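S.K.: sequence-free structure coming up:
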């Protein structure tokens, strides 16, 4: 039997197979079987079509937190054939409104946390009372055709260097190619309990949902506060599969809970979103000795992850790398990999470029495509994409990540630009800098990712100006940026340090910020 070709079809196949015999979703005290979750999604889909005047919507926002509405709503939007655009109720309203406009949303489905949103478009609120009422209604007749594999399944908005978020549309064929390779990797089946650690605005959540639902597993969603105590959460929820950013290992270690053999239920531990330090991996492995560890790497543009490295069960067989991180492994079989050095020539070390079935079709705003893709002619000459011609499957996506090939596996070496990862969130420092420069009295601004005492990266900002105050700037940023993009502090300088070439001296700035702590 061939694999499904659309995101919803992966869930629908399991709903037919497992029906009311297996739990699909567990969230607090609430549990829904595959059949119950399908029926709820169908009823919500019917309401969405009604709210859109009886027509199938093209793009629908999902403004919901960790609620049944969020997960049933995700499936409901896909069931209508629309593309889903996840929105976070905790993000500033101005940012959410910008995304809603940029995405061309026709409708927004919200839980009670998003009920008060004013986005200038119809808002369908489905809280616990509405869901309970839906359960008593007869199932709707949904005759809408299944989307084409080349239709957009979801759009994730990531940080943009120009000061505004960038829309990354992912097609059904992209996510289907991903699931065909990844879903069978983790021995998921009835009785498997998989963590749902990521917010829906983070594309790791798509892995959480559909790796669980592709094979009859249970998606177990911790509350946000539980994520700060990973070991306690894993044991309390009896999880068999864990997927998170490596930063959560640091939280567990600082709490003193990451003791040997402290997580006996875990069978699989998967980490992604940022480099995994070897020392952290060893500490986790000792705490979950029956768990297989795997590292995933990949930007949103390549559909969640595009490489993987599975650590040997014996730590004695683990590879050593110069930067102390676990390798990111090898490319998935439906993808092609290329490393280009600074001169634009194929090399063993350089910028990682990838093309293939998981590569997205290009940014929602076409002007963002220029410089992010390239082709190679028969002579090996690189041609950077300017946007003058349509993108094709032959175009390589430039990840902006540097890597080297060592013993057949890729090792991540950092970025070629000023993009950083903070606890898995992709942040363009230029977006924060652009907003700071817009504030009254600010002449220039620099944002840096600085290592905190606990080893994790955190943001600090430095601005020059005679009539600006750090707290006022912080408040202004808070009105437009999500919490994970806010600098820990903003320091005002009369003049930012310059190097002999007249450019801002970032190394001197790091030293000066440290002195002023």
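M.R.: Perfect, thanks for sending it. All values reported here derive from a predicted model rather than from experimental measurement. Numbers count the residues shown, from 1 in each chain.

S.K.: From here on, just use CA atoms for contacts and neighbour counts.
M.R.: Will do.

S.K.: show me what contacts residue 28?
M.R.: 221, 222, 223 (C-alpha atoms under 8 Å, 6 or more residues apart in numbering).

S.K.: Which of those residues has the largest number of neighbours?
M.R.: Within those, most neighbours by other C-alpha atoms under 10 Å means residue 221, with 25 neighbours.

S.K.: Next one: the closest residue to it other than its chain neighbours from residue 296, what distance?
M.R.: Of all residues not flanking residue 221 in the chain, residue 196 sits nearest, at 4.6 Å (C-alpha to C-alpha, 6 or more residues apart in numbering). Using C-alpha to C-alpha, to the nearest Å, one obtains 16 Å as the distance from residue 196 to residue 296.

S.K.: Pick out whichever of those two has more residues nearby.
M.R.: The neighbour comparison of residue 196 against residue 296 (other C-alpha under 10 Å) goes to residue 196, with 28 against 24.

S.K.: right, and the more buried one touches residue 219 too?
M.R.: Yes - at 6.2 Å, residue 196 and residue 219 qualify as touching, with contact defined as C-alpha atoms under 8 Å.

S.K.: overlap in contacts of the two?
M.R.: Counting by C-alpha under 8 Å, 6+ apart, the common neighbours of residue 196 and residue 219 are 208, 209.

S.K.: one step back: what's the separation between the residue nearest to residue 221 and residue 6?
M.R.: Using C-alpha to C-alpha, residue 196 is found at 21 Å from residue 6.

S.K.: go on, residue 156?
M.R.: Residue 156 sits 17 Å away from residue 6, going by C-alpha to C-alpha.

S.K.: These two: which has the busier surroundings?
M.R.: Neighbours were counted for residue 156 and for residue 6 using other C-alpha under 10 Å; residue 6 has more, 26 against 23.

S.K.: Please, which helix or strand holds residue 449?
M.R.: strand 444-451 (DSSP states H and E).

S.K.: Now residue 404: which helix or strand?
M.R.: Residue-wise, residue 404 maps onto strand 396-406 under DSSP H and E.

S.K.: Let's test this: mean pLDDT of that strand, rounded?
M.R.: If you average the pLDDT over strand 396-406, you get 93.

S.K.: List the buried residues of that strand.
M.R.: Residues of strand 396-406 classed as buried by neighbour count (16 or more other C-alpha atoms under 10 Å): 396, 397, 398, 399, 400, 401, 402, 403, 404, 405.

S.K.: Contacts only, for residue 369.
M.R.: By C-alpha under 8 Å, 6+ apart, the contact set of residue 369 is 362, 363, 385, 386, 387.

S.K.: Which of those ranks first by neighbour count?
M.R.: Of the contacts of residue 369, residue 362 is surrounded by the most neighbours, 22 neighbours in total, counting by other C-alpha under 10 Å.

S.K.: thought that one was touching residue 168?
M.R.: Yes - Residue 362 lies in contact with residue 168 (C-alpha under 8 Å); the separation is 7.2 Å.

S.K.: State the distance from the residue lying closest to residue 228 once chain neighbours are set aside to residue 280.
M.R.: Leaving aside its sequence neighbours, residue 228 sits nearest to residue 251 (C-alpha to C-alpha, 6+ apart; 6.2 Å). If you measure residue 251 against residue 280 using C-alpha to C-alpha, the figure is 11 Å.

S.K.: ok so, going back, closest one to residue 96 out of the contacts of residue 369, please.
M.R.: Relative to residue 96, the closest of the contacts of residue 369 is residue 363; by C-alpha to C-alpha it sits at 18.2 Å.

S.K.: picking up where we left off before, what is the strand holding residue 404 packed up against?
M.R.: Contacts defined by 3 or more C-alpha pairs under 8 Å, 6 or more residues apart in numbering; DSSP states H and E place strand 396-406 against strand 349-356, strand 373-376, strand 409-415.

S.K.: Quick one: residues in contact with that strand.
M.R.: Contact with strand 396-406 is made by 299, 339, 348-355, 359, 372-375, 410-417, as judged by C-alpha under 8 Å, 6+ apart.

S.K.: One more: stretch 375-392?
M.R.: Outside stretch 375-392, the residues within contact range by C-alpha under 8 Å, 6+ apart are 344-345, 361-362, 366-367, 369-374, 394-396.

S.K.: Now that we have the residues you listed, which of them are buried?
M.R.: If you count burial by 16+ other C-alpha under 10 Å, the buried members of the contacts of stretch 375-392 come out as 344, 361, 362, 369, 372, 373, 374, 395, 396.

S.K.: nearest residue to the last one other than its sequence neighbours?
M.R.: Setting aside the residues directly before and after it, residue 396 is nearest to residue 355 in space (C-alpha to C-alpha, 6+ apart), at 4.8 Å.

S.K.: Any idea what that neighbour is bridged to?
M.R.: Legend: beta-bridge partners of residue 355 under DSSP bridges are residue 336.

S.K.: isn't it right next to residue 336, touching?
M.R.: Yes - contact criterion C-alpha under 8 Å: residue 355 and residue 336 qualify, at 5.4 Å.

S.K.: out of those two, which sits in the busier spot?
M.R.: Each of residue 355 and residue 336 has its neighbours counted (other C-alpha under 10 Å); residue 355 has more, 21 against 14.

S.K.: what sits against the more buried one?
M.R.: 335, 336, 337, 393, 394, 395, 396, 397.

S.K.: Helices of this protein, start to end?
M.R.: Along the chain, the stretches classed as helices by DSSP state H are 7-18, 34-51, 68-80, 93-103, 128-135, 172-182, 204-213, 230-237, 247-255, 278-287, 429-437, 470-478, 506-515.

S.K.: Point out the most buried one among these.
M.R.: Ranked by mean neighbour count, these are led by helix 68-80 with a mean of 26 (mean count of other C-alpha atoms under 10 Å).

S.K.: who touches that helix?
M.R.: With contact meaning C-alpha under 8 Å, 6+ apart, helix 68-80 is reached by 7-8, 27, 37-38, 40-46, 48-49, 56-57, 60, 62-64, 83-84, 109-111, 126-127, 131, 144, 146, 153.
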